[in-house]
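1. When you get a sec, could you give me coordinates for this:
(4 chains)
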Number of protein chains: 4
Amino acid sequence: MLDESARGVYIISVTPFDKRGALDLDSTDRLIDFYVGSGADGLTILGMMGEAPKLAHEEAVAFTQRVISRAGKLPVVVGVSAPGLASLAALTKAVMDRGAAGVMIAPPGGLKGDDAIVTYFQNCAEAIGKVPFALQDFPQANGLFIPVAVIERVVATCPTCVMLKHEDWPGLDKITALRSREKHGMRRLSILSGNCGIFLPFELARFPEMLVDVYTLMAAGRRSEAHDLFDAHLPLVRYEQQPGVGLAVRKYVLWRRGALKSDAQRKPGPRVSRETAAEIDFMLERLERATGPRSVRAAS
Amino acid sequence: MLDESARGVYIISVTPFDKRGALDLDSTDRLIDFYVGSGADGLTILGMMGEAPKLAHEEAVAFTQRVISRAGKLPVVVGVSAPGLASLAALTKAVMDRGAAGVMIAPPGGLKGDDAIVTYFQNCAEAIGKVPFALQDFPQANGLFIPVAVIERVVATCPTCVMLKHEDWPGLDKITALRSREKHGMRRLSILSGNCGIFLPFELARFPEMLVDVYTLMAAGRRSEAHDLFDAHLPLVRYEQQPGVGLAVRKYVLWRRGALKSDAQRKPGPRVSRETAAEIDFMLERLERATGPRSVRAAS
Amino acid sequence: MLDESARGVYIISVTPFDKRGALDLDSTDRLIDFYVGSGADGLTILGMMGEAPKLAHEEAVAFTQRVISRAGKLPVVVGVSAPGLASLAALTKAVMDRGAAGVMIAPPGGLKGDDAIVTYFQNCAEAIGKVPFALQDFPQANGLFIPVAVIERVVATCPTCVMLKHEDWPGLDKITALRSREKHGMRRLSILSGNCGIFLPFELARFPEMLVDVYTLMAAGRRSEAHDLFDAHLPLVRYEQQPGVGLAVRKYVLWRRGALKSDAQRKPGPRVSRETAAEIDFMLERLERATGPRSVRAAS
Amino acid sequence: MLDESARGVYIISVTPFDKRGALDLDSTDRLIDFYVGSGADGLTILGMMGEAPKLAHEEAVAFTQRVISRAGKLPVVVGVSAPGLASLAALTKAVMDRGAAGVMIAPPGGLKGDDAIVTYFQNCAEAIGKVPFALQDFPQANGLFIPVAVIERVVATCPTCVMLKHEDWPGLDKITALRSREKHGMRRLSILSGNCGIFLPFELARFPEMLVDVYTLMAAGRRSEAHDLFDAHLPLVRYEQQPGVGLAVRKYVLWRRGALKSDAQRKPGPRVSRETAAEIDFMLERLERATGPRSVRAAS
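-> Here you go, the predicted model:
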């Protein structure tokens, strides 16, 4: 079960679809093998980059079951954000029954004022019972800013809130502030994706081995080498970061690297254009020259 | 099946819950009897005022089934708006299998640009097959403005779009513009809630008999009497119109009038305060003096 | 100078333009005479309904000077909201030098989190020195919700905040909450437009004599008569309340009542359509029958 | 005068303030010398990164005058975005009288629907007369998405629209689409900041010499070298890109490089934290090792 001691690299997984938009469970196996082989410490599925809102309840459960059965002993955190508490609680129960380590919750964008955000998470915690959850702080996606003081209040009143999925911008000082509050008595949270000194790690999931290596180098105190490795990937990271098209880029790279049978997104969703594909290929070649050969599929 | 000839008064139904937040199917029967007894021509359920996002899929289906079986031959239109097409299509199939007349779809708030709105409805139409649907135009709720030209493009490319659920502000001139386009070749839509010359009819669902009478008077050319009757209800309409608390007011009035066993909203949702309840009672008394006795439950 | 003892009816003034969009200072005199003759206790100019953002600095100062010189001893509160503190402070200085009683400030819509709103008003208070100001709470216009706790913090830290311009929805319980906090030690604010038990008084400025009468009746304990009078105006109030077109309706009515030479809004802004004008005329006739003759200009 | 043939590197200038928030005209000279010395082809001032809304009208004019008198024959484009057309036109007139090459206009965020955006720019063009302007497409800042078809309509109906300030995300395909429309008859625009194949050039203004070099290399067909040089700066670019804190980072770097006497932002605005400053210093050192010595001020 997820708790505040979680650490290491939790990959943000995509969700594979075939070209007609159906869930692709064969590619799911291949993808999870790829992530596990890269040294991931855990998996996060059905988040914003997992096209979660596009899945019906039964599909979300089927995908989760497949991931968990393939991931072995790796903990799997499942995004269960939904417009209402009933759907959120129903999905939470279904995935925990199938072996998930915990769930991840992003608040809806329309909450008004600090108190409303605190109340929302208290309602969620009540609705899902004893299940540990990650608070997803992702204002770029839902327009909702969550102040440090609000996170502290959620932690103080929801014992099952054990992790922060940190994606706010600017975020580095936010992490500093949270860690400082912990020194003054706030219960410690696991902070997903901030510890490495990288503020865009969620962009990196199609090079999970790099992420693991960066983490390992940092943990060993080899800061400069960690940056060297990370910076070599920055041109692609920068490229993937484009809102709207970023997931299409990530799926294209995963397909080029052999982890997916198709780079399809379910509708509505963009495809990479011919120009975009050519530019990604150009950057992959440059990356290979800089960091040594990787398994890259020949462009079709 | 719903088509563009739909006319008359389609009540916007609330969804009854008991005090613990469970779906209250007994009150559902009572409520539908109340609406039918008021002379409604059709029912619209699971819209914004129906707390639809708070229901899990199975609950939405169960509520729909109960409403349809109680409503006799009245057509029932079911809101199926969802974050993704798979959930939307799954709910559509379930409610149509149980006898719904059609569905109602509000686009998500984040669509960017006119083309994106048109594409969204085309994707929906493709996802639900031959099912007739109402386009819900409700910018106050989701922040999305839908220009007349966009509605015209949806109508031109989606033969199953047969109704406009009209809640835009300012809306009267929008209706005028749409009717004018129809004279220039646009396929005719049924426009739900605009035809009576009332721009806030959705607020009125707790006085359905008044709405029916206003419609009947207008249809008979008795414009001034129609306004007299409607204007007598305006103080309460105005009161219910307050964003955030409006549904609590509506449920309180329905409870006072005996159509609900409880005025509970499912969490998260407000309750009427003591002061608010007293003010509604004051207005109900004034209304009764103006229009004759109605069945009003003694305040507990 | 404005202070927390301000009470009575502060009219929300429009800004007159001629048909080419130029500031119409002659109509300004006529309009202020109309407001003063109706018994107003004060004037509020250059608010949201005053098309303030459409005026250049010099125009705003010229209009303010004209209003103040015409309003006699009535206090004039001037909206000074601006994208930045330098413009806000410059306009504040200019209008206070010309005899304004105080200023009114709406925060920009993009503030994130409760703390940011408090800080914004502290920055404003610092920038304008000893000038008393009204905090404008108007989420429908700028998308920014201001919790009661935030207002309390502004009041506690900004001694020059003496008034709340209250336009939130739902707002009645917010006023109750604020008055309750005052009983527990919060410094008392003047609350503009809440005291009458009307939650839409800002809509009423084109019938200022009615507003004054309602206030007087309420102050005399004649609650039922106050509601009778107010409710007679509700059909027009309801009509004016339409976002986007409301100001066009208000200006049209003020023109029909002789207070303006033209109903022009400065670009960008809508005009009332032929259908809308006919509907307003219909409601004005009904109002006249209900409340006795008023000076209404024959439609051109 | 600005026209559609504008090309090369137009630096996005910051606005210097001293520690008390006053306009710092001495640093302005130093900053412009720094930009000119870096080989810039033009200057863009008072944009989003220029803290434009924080300047009162007189300050904006004074700053513009200083920049123009120092910039020699370099064209200066001045941001004149304002809440209303009167202020926009007044500032346009003032800066054109002082020798600006043209102005830049970002539409307000609240425009609803494609037609409203087109109308807005038509109103602006009418208000500023013959002055050439750049359409600023910056949805990350104002929440307004501008479709390609809207840009095409603005170009077709506003002969004075000669430039696109391109900051949309994802933007590369948007540029491709615009250039493709030009082949089908759309009047050619100068596109500011897209031509280099860099999609974040606006982030780069504190290393203007690099931007110029990248542009020169690309223009000479040396694509791979251009990417090498640009990619070396990416770690800092990535860091500056953080919303909210990005400008603080840029000003800190400009101060470290000697182009500013202070890194102060005018209130409200963040300061770089101690941790942030240390991280920037770390990246500057790494950059220097990669690209050779640059003039970097010793950290205080």
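2. Residue numbers of chain A in contact with chain C?
-> Applying C-beta under 8 Å from any C-beta of the partner chain, we find that chain A lies next to chain C at A:Lys112, A:Gly113, A:Asp114, A:Asp115, A:Pro139, A:Phe145, A:Ile146, A:Pro147, A:Ala149, A:Val150. (Glycine included, C-beta is placed from N, CA and C.)
3. now, which of those sits nearest chain D?
-> A:Pro139 (8.8 Å; C-beta to the nearest C-beta).
4. Please report phi then psi for A:Val78.
-> The phi/psi pair for A:Val78 (degrees, to the nearest 10) reads phi -120, psi 130.
5. From chain C, how far off is it?
-> Distance of A:Val78 to chain C, given as C-beta to the nearest C-beta, to the nearest Å: 28 Å.
6. For that residue, grab the count of nearby residues.
-> 29 (other C-beta atoms under 10 Å in any protein chain shown).
7. Contacts only, for it.
-> A:Ile45, A:Leu46, A:Thr64, A:Leu91, A:Val95, A:Ala100, A:Gly102, A:Val103, A:Met104 (C-beta atoms under 8 Å, 6 or more residues apart in numbering or on different chains).
8. how about a cut-off of 7 Å?
-> A:Val78 sits next to A:Ile45, A:Leu46, A:Thr64, A:Val95, A:Ala100, A:Val103, A:Met104 when contact means C-beta atoms under 7 Å, 6 or more residues apart in numbering or on different chains.
9. Determine which two of the residues you listed are furthest apart.
-> A:Thr64 and A:Met104 (12.2 Å; C-beta to C-beta).
10. of the contacts of A:Val78, list those near chain B.
-> Taking C-beta under 7 Å from any C-beta of the partner chain as the test, chain B is in contact with none of the contacts of A:Val78.
11. Sitting in helices, which of these do you find?
-> Within the contacts of A:Val78, residues falling in helices by DSSP state H are A:Thr64, A:Val95.
12. Identify, from the contacts of A:Val78, the entry nearest to B:Ser5.
-> A:Leu46 (42.9 Å).
13. for the closest one, what are its contacts?
-> Taking C-beta under 7 Å, 6+ apart as the test, what A:Leu46 contacts is A:Ala52, A:Ala60, A:Val78, A:Gly79.
14. Look up the closest residue to the last one, ignoring the ones flanking it.
-> On the basis of C-beta to C-beta, 6 or more residues apart in numbering or on different chains, the spatially nearest residue to A:Gly79 that is not a chain neighbour turns out to be A:Leu46, at 3.9 Å.
15. Could you report the pLDDT at the one you found?
-> Note on A:Leu46: pLDDT of 95.
16. Quick check: A:Ile45 vs A:Lys130, distance?
-> Distance, A:Ile45 to A:Lys130, using C-beta to C-beta, to the nearest Å: 21 Å.
17. Among the two, which residue is more densely surrounded?
-> Each of A:Ile45 and A:Lys130 has its neighbours counted (other C-beta under 10 Å); A:Ile45 has more, 28 against 9.
18. Could you find the closest non-adjacent residue to that one?
-> Excluding the flanking residues, the one nearest A:Ile45 by C-beta to C-beta, 6+ apart is A:Ser13, at 4.6 Å.
19. Now the one you found: phi and psi?
-> phi -80, psi 140.
20. hang on, the earlier thing: so which of the contacts of A:Val78 sit within strands?
-> A:Ile45, A:Val103, A:Met104 (DSSP state E).
21. so which of those comes closest to B:Ile68?
-> A:Val103 (34.1 Å).
22. buried set for stretch A:264-284?
-> Buried residues in stretch A:264-284, counting neighbours by 16 or more other C-beta atoms under 10 Å in any protein chain shown, are found at A:264-269, A:272-273, A:276-277, A:279-281, A:283-284.
23. ok, residues contacting it?
-> A:17-19, A:21, A:51, A:54, A:235-236, A:239, A:244-245, A:247-249, A:251-253, A:256, A:296, A:299, B:85, B:119-120, B:123, D:172-173, D:176.
24. Out of those, which sit inside strands?
-> Taking DSSP E, every one of these sits outside strands.
25. In ChimeraX, how would I select just the buried ones from those residues?
-> Applied in ChimeraX, the following selects the buried portion of these according to 16+ other C-beta under 10 Å:
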select /A:17,18,21,51,54,235,236,239,245,247,248,249,251,252,253,256 /B:85,119,120 /D:172,173,176
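26. mind listing which of the contacts of stretch A:264-284 are in helices?
-> A:235-236, A:239, A:247-249, A:251-253, A:256, B:85, B:119-120, B:123, D:172-173, D:176.
27. before we move on, the earlier item: what is the nearest of the buried residues of stretch A:264-284 to D:Met210?
-> Nearest to D:Met210 among those is A:Met283, at 18.9 Å by C-beta to C-beta.
28. Look up how far A:Val249 lies from that closest one.
-> Counting by C-beta to C-beta, the gap from A:Met283 to A:Val249 is 10 Å.
29. Touching both of those two, which residues are there?
-> Joint contacts of A:Met283 and A:Val249 (C-beta under 7 Å, 6+ apart) are A:Tyr239.
30. Quick one: residues contacting the closest residue to A:Ala86 other than its chain neighbours.
-> For A:Ala86, ignoring the flanking residues on the chain, the nearest one in space by C-beta to C-beta, 6+ apart is B:Ala56 at 4.0 Å. By C-beta under 7 Å, 6+ apart, the contact set of B:Ala56 is A:Ala86, A:Ser87, A:Ala90.
31. Could you pick out the residues of the stretch 101-250 of chain A near chain B for me?
-> So far as C-beta under 7 Å from any C-beta goes, the stretch 101-250 of chain A lies against chain B at A:Thr119, A:Tyr120, A:Asn123.
32. Now do the strands in chain A.
-> For chain A, the strands defined by DSSP E cover A:10-12, A:42-45, A:76-79, A:102-105, A:133-137, A:161-166, A:190-192.
33. closest one to B:Ser5 among those?
-> B:Ser5 sits nearest to strand A:76-79 of all the strands of chain A, at 43.7 Å, using C-beta to C-beta.
34. Let me see the mean pLDDT of that closest one.
-> The model assigns strand A:76-79 a mean pLDDT of 97.
35. And stretch A:2-18, by the same measure?
-> Rounded to a whole number, the mean pLDDT of stretch A:2-18 is 86.
36. about what we covered before: where does the residue nearest to A:Ala86 fall, phi/psi-wise?
-> Backbone torsions for B:Ala56, taken as degrees, to the nearest 10, come to phi -70, psi 160.
37. any idea how far it is from chain C?
-> From B:Ala56 over to chain C (counting by C-beta to the nearest C-beta), the distance is 28 Å.
38. about what we covered before: among the contacts of A:Leu46, which one has the most neighbours?
-> A:Val78 (29 neighbours).
39. Would you check how far apart it and C:Val118 are?
-> Per C-beta to C-beta, A:Val78 is found 37 Å from C:Val118.
40. coming back round to it: return the member of the contacts of A:Leu46 nearest to chain B.
-> A:Ala52 (8.2 Å).
41. List the residues that contact the closest one.
-> A:Leu46, A:Ala60, A:Gly79, A:Ser81.
42. now do A:Val212
-> A:Val9, A:Ser38, A:Gly39, A:Ala40.
43. Buried ones among those?
-> A:Val9, A:Ser38, A:Gly39, A:Ala40.
44. Mind listing what's buried along stretch A:68-81?
-> Neighbour-count burial for stretch A:68-81 flags A:Ile68, A:Arg70, A:Ala71, A:Leu74, A:Pro75, A:Val76, A:Val77, A:Val78, A:Gly79, A:Val80, A:Ser81 (criterion: 16+ other C-beta under 10 Å).
45. Reformat the strands of chain A as a markdown table; add distance to D:Asp213.
-> Formatted as a markdown table, the strands of chain A follow (distance: least, C-beta to C-beta, whole Å):
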| stretch | distance to D:Asp213 |
| --- | --- |
| strand A:10-12 | 36 |
| strand A:42-45 | 41 |
| strand A:76-79 | 44 |
| strand A:102-105 | 44 |
| strand A:133-137 | 38 |
| strand A:161-166 | 36 |
| strand A:190-192 | 39 |
